[in-house]
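J.: compute the structure for the input listed below.
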Amino acid sequence: MAEIRVCAVDGCSKPHKAKGYCRLHYERMRFSGHPLALRRTENGELIRFIHEEALNFKGPGCLIWPFGRDSNGYPQVRVDNKQERAHRYICKLVNGEPPTPEHEAAHSCGDGHLGCVTPEHLGWKTHVFNEADKRVHGTIARGERHGRVKLTEENVREIFSLKGKVPLGEMAKRYGVSKTAICEIHIGRKWGWLNFPSQEA
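T.: Predicted structure coming up:
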């Protein structure tokens, strides 16, 4: 019979949920950065920091969130009993409600993923414009930085260099992707920013 995993926190015998912790301690870890943090007390400290520190910050650079952040580097806070990214909450306080629910709190500095909560760096943008900003800042998760990518830039350059020389099926098998993925690389639909040399010569 398989051994039942329990929470890694001393004295807790609840079943393991994720990252070594039970559901309660995992949620505390995810929310505040520490499995033993008292969520209500900690959240009060987060709100205090936002209103007393962040909203009064006048420095030339970024004010970096000093508490726990999510897996993408963004700070979170609980507002009106709902979990929300702290920079979005601050953007509402400074700039009012977003024009539409789909608008995103964008960072002019490009350091949102590092935990920037500087009010002057925040503004409402559509998803399209926010993604365009990320490309300019070099922070968009594309290519090798994307969590689910199977290929490296070196692989992609090799695939492009083999265009017309090796059958699609063979390349797909060699690199562990579909023939469609190979075709999309060849026509520039995927990984096009690598600026492959023209095949016309």
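
J.: per-domain residue ranges of this structure.
T.: Using automatic domain parsing, the domain parsing of the chain gives 1-37, 39-140, 144-194.

J.: turn those into JSON lines, including mean neighbour count and mean pLDDT.
T.: (Glycine included, C-beta is placed from N, CA and C.) Shown next, in JSON lines, are the domains of the chain (neighbours: other C-beta atoms under 10 Å; pLDDT from 0 to 100):
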{"stretch": "domain 1-37", "mean neighbour count": "14", "mean pLDDT": "76"}
{"stretch": "domain 39-140", "mean neighbour count": "16", "mean pLDDT": "84"}
{"stretch": "domain 144-194", "mean neighbour count": "14", "mean pLDDT": "79"}
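
J.: so which residue is dead centre in the chain?
T.: Of all residues in the chain, the one closest to the mean position by C-alpha atoms, centre = their mean is Asn72, 3.0 Å from it.

J.: name the SS class of that residue, please.
T.: The assignment at Asn72 comes out as coil when based on DSSP: H, G, I helix; E, B strand; the rest coil.

J.: for Gly59, give me phi and psi.
T.: Main-chain dihedrals, Gly59, degrees, to the nearest 10: phi -70, psi 160.

J.: Glu104 now?
T.: With angles defined as degrees, to the nearest 10, Glu104 sits at phi -110, psi 150.

J.: could you number the chain from 585 rather than 1 from now on?
T.: Okay, using 585 as the starting number, the last item reads as Glu688.

J.: and the closest residue to Cys646 other than its chain neighbours, what does it touch?
T.: Distances taken as C-beta to C-beta, 6 or more residues apart in numbering place Cys700 nearest to Cys646, at 4.0 Å, with adjacent residues excluded. By C-beta atoms under 8 Å, 6 or more residues apart in numbering, the residues touching Cys700 are Cys646, Leu647, Ile648, Trp649, His671, His691, Cys693.

J.: my guess is the residue nearest to the centre of the chain meets His697, correct?
T.: Yes: counting by C-beta atoms under 8 Å, Asn656 does reach His697; the two are 6.2 Å apart.
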